[in-house]
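> Please work out how this folds:
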Amino acid sequence: METRDVDPNRDVGSILHDEAAIQSRLDVLAREITEDYRGRSPFTVLTILHGGMIFMADLLRRVPLPLQMESLQVSSYHGEKESSGQVTFHQNLPDLRDQHILIVDDILDTGRTLHAIRSRFEEELQPASVRICVLLQKRKPRAVEVTAEYVGFEIDDEFVIGYGLDFQGRYRNLPYIGVLHADHTP
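As a prediction, this is how the structure comes out:
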């Protein structure tokens, strides 16, 4: 299989949110999270790999509270532009029994992944609380009803890349959120 370098000028159709807009929005989210979690202990932030890593790292640098960090690897896209509808857990849940959990993910799209994660935590571990924070939330009907308590940006139903979001493992390192060219296949 032939690989090629990523050329953002050719691969990104448009930029939805530039680096400055993202950083500004993170300041707001961090203030909200800090206020809501002040005094709640133990507090654990659980990032969904790999998409939520960049978002989580930049967000938590702004939250001046004692907290723990965990990660969980799940998938539903399996390298495609559309969710497969099947959520696969690639590891066991970390034991966060009786903790206040903030799940951090890159995007709320169909709702399947975040619903599956929240449900498993609530059913298996009885945490003190579970909330969700996403960088992006698509304006569209969800396959499964789930609510994110913290949302960076609402976007239209487009396939987006950058700032942690990928297509076939590429583009996560772009410092902005862009729309992948509709006809692009890496």
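> Show me the strands in this protein, by range?
Remark: strands assigned in the chain by DSSP state E are 12-17, 43-49, 68-75, 88-89, 100-108, 129-138, 150-155, 160-161, 177-180.
> what comes into contact with the third one?
In this case it means strand 68-75. 42-50, 53, 56, 60, 87-91, 93-94, 96, 99, 113, 116-117 (Cβ atoms under 8 Å, 6 or more residues apart in numbering). Backbone N, C-alpha and C define where each C-beta goes, glycine included.
> Could you pull up the mean pLDDT of the longest helix seen in the chain?
Determined from DSSP state H, the single longest helix within the chain is helix 19-37. Averaging pLDDT along helix 19-37 gives 98.
> quick one, that helix and strand 150-155 angle?
150 degrees (axes from the mean of the first three to the mean of the last three Cα atoms, to 10 degrees).
> For helix 19-37, enumerate the helices and strands it packs against.
helix 53-60, strand 100-108, strand 129-138, strand 150-155 (3 or more Cβ pairs under 8 Å, 6 or more residues apart in numbering; DSSP states H and E).
> tell me the most buried of those?
strand 100-108 (a mean of 24; mean count of other Cβ atoms under 10 Å).
> what angle do that one and strand 68-75 make?
40 degrees.
> Paired strands for strand 100-108, with orientation please.
strand 43-49 (parallel), strand 129-138 (parallel) (DSSP bridges).
> could you dump the helices and strands packed on helix 19-37 to CSV with mean pLDDT and distance to E35?
As requested, the helices and strands packed on helix 19-37 are arranged in CSV below (pLDDT from 0 to 100; distance: least, Cβ to Cβ, whole Å):
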stretch, mean pLDDT, distance to E35
helix 53-60, 97, 14
strand 100-108, 96, 13
strand 129-138, 97, 13
strand 150-155, 98, 11
